[in-house]
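Visitor: coordinates only, sequence not included:
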DNA sequence: TACAGTTCGTGTCATGGAGACACTTTCGCT
DNA sequence: AGCGAAAGTGTCTCCATGACACGAACTGTA
């Protein structure tokens, strides 16, 4: 079986992965972009991504690109494939099909120094990005849509925060993703009713009344599919 | 721009599409399978699919494979990409990445004669399929999951039926997809409240009380994404 | 033409989740 | 002590969902 090879109908294509990686910073939802150092679209901003290597799973490839192109310090808390872009003209170099991924990085991961063969990397407002290379604006829009959908019935928002967090912080994550304000009381009611949050007993001080700190309940890890 | 070519990092892979095509037949949800005529997995049943051709969009490739491998008579009413399978060992011939699609064929499309380089094609119970080649059992399971999700908030079930249909017929489609019975009164209440159905005035006779015929309301085409 | 068989069509009540809505509490700072 | 700032809290309404049983309309046959 291992000696079989690809039949002639299998016209080779370039297989790439692109990653829309999000994090919260300054109360805003940010997306990680790299500045391209090569043609095509040199000096343009783009989603981190690149070609899949032999024997490498799509998931692994997405992780590798994230690490080598952007020098982010932490592992993503969530990584999920969400759509494959394969229109014939989408890359001027030839036929490149890209499996787009959605990643969530925890708070505290936001320092980025650039790396690999890019000119740099940085965080940008996810809802108002700069002009992007290739069809990456489309990819980003769809990633945001997926993120919104995931909010409804998953615990994904928790992945943006440190292990321990306050309810107002969590609310700000939801608001940043949905790009609209939410009612405080309804938000708390809904979240607490889901039973995935456990008060840690601690409180956090600041300019105002201290907030109760919460922790995710055990056995509530997101199915990182 | 057109003279650029793929960089050396782009290790070539085989790019394929596979299609899980569903239709209603005999009150049951059926999936379209082909019997493979070539190695690997010769004589095994598999989802229709094959390699994408140069310059061909993924969507087009899925349509072509559906037509040439199975000689189905009608166009699918819905075609949607839902996941890309790219684990290194999934195909013994080498690195093959498959973009899996979900298709819905209208009632009346069920005659299938086989074609292309397969030994035949046929319909099988979607929830109890025969053993399948490659990782197609996994693909089918995920296609069914997607179909269920789509039922909740889309008009996808209508695509299984002819232009004009009765409410009990539509209910049977939902029941077949969910693989469980539904309450008649609640089902009618919910569907009619959605406002996507319009009584056509006609009735359909049979062994029992005649049923009201319905038609989809204008401007309610499924976003075939 | 009467009856049996078969399928279609209909309404109420209880429950649970979601959204609108305003004031009090607790702390830090001056 | 007082002020500013943010956290925390409860009620009511509305809508969607699910459980539940019987009469109505037609076909075919005796």
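Guide: Yes, it's here. Since the model is a prediction, treat every value here as computed from it, not as a measurement.
Visitor: contacts, neighbours, all on C-alpha from now
Guide: OK.
Visitor: Which residues of chain A lie near chain B?
Guide: A:1-6, A:9-16, A:40, A:51-58, A:81-84, A:86-88, A:92-95, A:99 (C-alpha under 8 Å from any C-alpha of the partner chain).
Visitor: PyMOL command to pick out the buried ones of these?
Guide: Applying 16 or more other C-alpha atoms under 10 Å in any protein chain shown to the residues of chain A next to chain B leaves a buried subset, and the PyMOL line that selects it is:
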select buried, chain A and resi 6+10+11+12+13+14+15+16+51+52+53+56+57+58+81+82+83+84+86+87+88+92+93+94+95+99
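Visitor: taking the residues of chain A next to chain B one by one, which sit in helices?
Guide: residue A:58 (DSSP state H).
Visitor: domain ranges for chain A?
Guide: Each domain of chain A is listed here as a residue range: A:14-153, A:156-216, per automatic domain parsing.
Visitor: pLDDT below threshold where in chain A?
Guide: Per-residue confidence for chain A (pLDDT under 70) gives these ranges: A:1-4, A:110, A:220-225.
Visitor: repeat that for 50
Guide: A:1-3, A:224-225 (pLDDT under 50).
Visitor: Up against DNA strand D, what does it have?
Guide: Contact residues, chain A versus DNA strand D (C-alpha under 7 Å from any atom of the strand): A:166-169, A:184-186, A:188, A:206-213.
Visitor: which strand is the longest one in chain A?
Guide: Taking DSSP state E as the criterion, chain A has its longest strand at strand A:12-25.
Visitor: Buried residues, stretch A:151-159. List them.
Guide: Buried residues in stretch A:151-159, counting neighbours by 16+ other C-alpha under 10 Å, are found at A:151, A:155, A:156, A:157, A:158, A:159.
Visitor: Serialize the residues you listed to CSV and add fields for secondary structure and distance to residue A:23.
Guide: Output for these, formatted as CSV (DSSP: H, G, I helix; E, B strand; the rest coil; distance: C-alpha to C-alpha, whole Å):
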residue, secondary structure, distance to residue A:23
A:151, helix, 14
A:155, coil, 15
A:156, helix, 12
A:157, helix, 10
A:158, helix, 11
A:159, helix, 9
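Visitor: Helices of chain A, residue ranges please.
Guide: For chain A, the helices defined by DSSP H occupy A:58-70, A:136-153, A:167-178, A:184-194.
Visitor: Any residue of the third one touching DNA strand C?
Guide: It refers to helix A:167-178. No - Helix A:167-178 lies out of reach of DNA strand C by C-alpha under 7 Å from any atom of the strand, never closer than 11.5 Å.
Visitor: for that helix, packing partners?
Guide: Under the contact definition 3 or more C-alpha pairs under 8 Å, 6 or more residues apart in numbering or on different chains; DSSP states H and E, helix A:167-178 sits against strand A:28-36, helix A:136-153, helix A:184-194, strand A:208-216.
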